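> need the 3D shape of this:
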Amino acid sequence: MSDHGTGLLTIGEPIRATGLTVRTIRYWSDEGVLTPVTRSAGGHRLYDAGSAARLELIRTLRDLDLGLDDVRRVPAGERTVAEVAAAHVAALDARTRSLKVLRELFGDADRGAVLERMMAGFDDRVARYRHLPAVVDRQAAPPHAEDFAWVVAALRARAGG
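Below you'll find the model as predicted:
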């Protein structure tokens, strides 16, 4: 519905055009992903005719599991869809490689044998070197040692040792 002859649309029109919920559109608006053109005297968000197209783009990017930071940059013109998609594909490739390694480690293998292999590959000095840049730059240290300890403890518990 048009708001008082301004040509701007209340939130209902983009909802009808996209099938999204009021809650989703308001959330994306609050997060700066889809900024309303203005607000009415009553404080209602008002959108222009291009809002439905931007909402479709945003929904497509979110359906591809892109984070709000990346999604926000596309309509703002800071990044192209191709740039965001390429970065996402690279991240998915890295995740796929990680999952393949996990499958090889944990597939049908004896958990005790997996634990032995992991313990043999862990070096306390390497963990300290990973921590060094954080100390030099006075940043929070990445919790590699804690992560590794958690994995080892879980494997020990499952292996019965």
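> give me the nearest residue to residue 31, chain neighbours excluded.
In space, and not counting its chain neighbours, residue 31 is closest to residue 68: 5.5 Å by CB to CB, 6 or more residues apart in numbering. The C-beta positions use only the backbone N, C-alpha and C, and glycine is treated the same way.
> so which elements touch the lengthiest helix in the chain?
Scanning the chain for the helix with the most residues, using DSSP state H, yields helix 81-106. Under the contact criterion of 3 or more CB pairs under 8 Å, 6 or more residues apart in numbering; DSSP states H and E, helix 81-106 touches helix 51-63, helix 68-73, helix 111-121.
> show me where pLDDT drops low in the chain?
1-6, 104-111, 113-155, 157-161 (pLDDT under 70).
> hmm, try it at 90
Along the chain, the model assigns pLDDT under 90 to residues 1-22, 24-26, 28-161.
> residue 46: neighbour count?
By other CB atoms under 10 Å, the residues close to residue 46 number 20.
> can you list the strands that the host helix or strand of it pairs with?
Remark: residue 46 resides in strand 45-46, with elements defined by DSSP states H and E. With DSSP bridges as the test, strand 45-46 is paired with strand 38-39 (antiparallel).
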